[in-house]
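>>> Fold the following.
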Amino acid sequence: MPAPVADPGPLSALIVDDEPIARARLGFLLARDPQIRIVGACASVAQCERLDASIVPDLVFLDVRMPRRDGFDLLESFRARGIHPFVIFVTAYAGYAVNAYDAGAIDYLLKPFDDVRFEKALARAKAAFNPDRIARGMRFDDAARTSLESRPVPDRLLVSEDGQTVVIPTHDIELIQVIGKYAKLFVRQHCYLTRQSLRSIEARLDKRYFVRVHRSTIVNVEQIVAFQSLLHGDCELVLKRGTCVTLSRRFRRRLEPFLRRCHGFGELPERPSF
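Modelled structure (predicted):
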């Protein structure tokens, strides 16, 4: 007879919002639910980062626009520390919805919201957890991430531009580069700006055709027309649009299988360092 599965206990929730009234209301609504345990309420990204390292929330209620650094910055900080909570964005700005869902948000609460809408978002978050897996020390999203790897990759990306949501066929993407907090997507002589991280974009691209060539650059290998070795193991790649990008020595081995398959090239030539 199998041993009974231990009760994983309530889900830990963190509130991050610079408005005191918003923090208080979220705290009140969450405190009514015995399945939720509030582990913190912060007014900024910096304050959140100063929390005790032992606090690893299951669920974060996150504002977008806050002083100095926004909610997306906090998610990047979490991921850099290996923390991957479920996120419900809570904001007065509708324009960030596409970026929020691209960042993996479970829901997007637009202020002002009523109790019914809040309960719906919370129910959706709780449904995303599998108690059996939590009890064994494995989050549902860990299992989901594994299963997602076997699913077909999407052939469209969504980006926001001038208040509109633009649908981009991924096979039309030539180059993606990160500049500051933004990623630039070069598509058929047009450049789109998005707040999505390079990592999140890379996860939704077909790995047969897109490869990271630098910590800030992804290229469509079918766009490569020439390359030249540089000093210290780096290379310069020339794309059909005439753009030259750097292939970092750290990533050069990733590119060679693509070049052999798509272009019939062998290994990239080495150039001695001087």
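>>> mind listing the helices in this protein by residue range?
Here the chain has its helices, by DSSP state H, at 20-31, 45-49, 71-80, 97-102, 115-127, 131-135, 140-148, 198-202, 252-263.
>>> Of all those helices, which one is nearest V159?
helix 97-102 (7.0 Å; CB to CB). Quick note: C-beta positions are derived from backbone N, CA and C, even for glycine.
>>> Now do that closest one, average pLDDT.
For helix 97-102, mean pLDDT is 76.
>>> Then stretch 168-177?
On average, stretch 168-177 scores 90.
>>> List of residues touching that stretch?
The contact list for stretch 168-177 (CB atoms under 8 Å, 6 or more residues apart in numbering) reads 153-159, 183-188, 192, 198, 201, 204-206, 209-210, 216-220, 223, 239-241, 243, 245.
>>> Between its first and last residues, how far does that stretch reach?
Using CA to CA, to the nearest Å, the end-to-end distance of stretch 168-177 comes out at 16 Å.
>>> What residues of that stretch count as buried?
168, 170, 173-177 (16 or more other CB atoms under 10 Å).
>>> coming back round to it: need the helices of the chain in CSV (columns: distance to G9).
Output for the helices of the chain, formatted as CSV (distance: least, CB to CB, whole Å):
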stretch, distance to G9
helix 20-31, 15
helix 45-49, 22
helix 71-80, 21
helix 97-102, 28
helix 115-127, 13
helix 131-135, 9
helix 140-148, 15
helix 198-202, 30
helix 252-263, 42
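>>> Export these to a markdown table and append columns for mean neighbour count and distance to A13.
As requested, the helices of the chain are exported to a markdown table (neighbours: other CB atoms under 10 Å; distance: least, CB to CB, whole Å):
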| stretch | mean neighbour count | distance to A13 |
| --- | --- | --- |
| helix 20-31 | 15 | 6 |
| helix 45-49 | 18 | 13 |
| helix 71-80 | 18 | 14 |
| helix 97-102 | 19 | 18 |
| helix 115-127 | 15 | 9 |
| helix 131-135 | 15 | 14 |
| helix 140-148 | 13 | 16 |
| helix 198-202 | 16 | 23 |
| helix 252-263 | 15 | 39 |
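>>> Of all those helices, which one is nearest Y108?
Going by CB to CB, the one of the helices of the chain nearest Y108 is helix 97-102, 5.1 Å.
>>> what helices or strands is that closest one leaning on?
strand 107-110, strand 156-161 (3 or more CB pairs under 8 Å, 6 or more residues apart in numbering; DSSP states H and E).
>>> Distance from the chain centre to that helix, please.
Taking CA atoms, centre = their mean, to the nearest Å, the mean C-alpha location of helix 97-102 is offset from the chain mean by 10 Å.
>>> quick one: R254 from D155, how far?
Distance of R254 to D155, given as CB to CB, to the nearest Å: 22 Å.
>>> and the residue nearest to Y101 when sequence neighbours are not counted, what does it touch?
Once flanking residues are discounted, Y101 sits nearest to Y108: 7.0 Å by CB to CB, 6 or more residues apart in numbering. Y108 makes contact with 88-89, 91, 97, 100-101 under the criterion CB under 8 Å, 6+ apart.
>>> Kindly report the same for V245.
V245 touches 175, 177, 213-214, 217, 219, 236-237, 239, counting by CB under 8 Å, 6+ apart.
>>> Show me the beta-bridge partners of the residue nearest to Y101.
Y108 has these beta-bridge partners by DSSP bridges: F89.
>>> For it, give its distance to S248.
Distance from Y108 to S248, by CB to CB: 36 Å.
>>> next one: R195
Computed as CB to CB, the R195 to S248 distance reads 24 Å.
>>> Kindly report the same for R69.
Distance from R69 to S248, by CB to CB: 27 Å.
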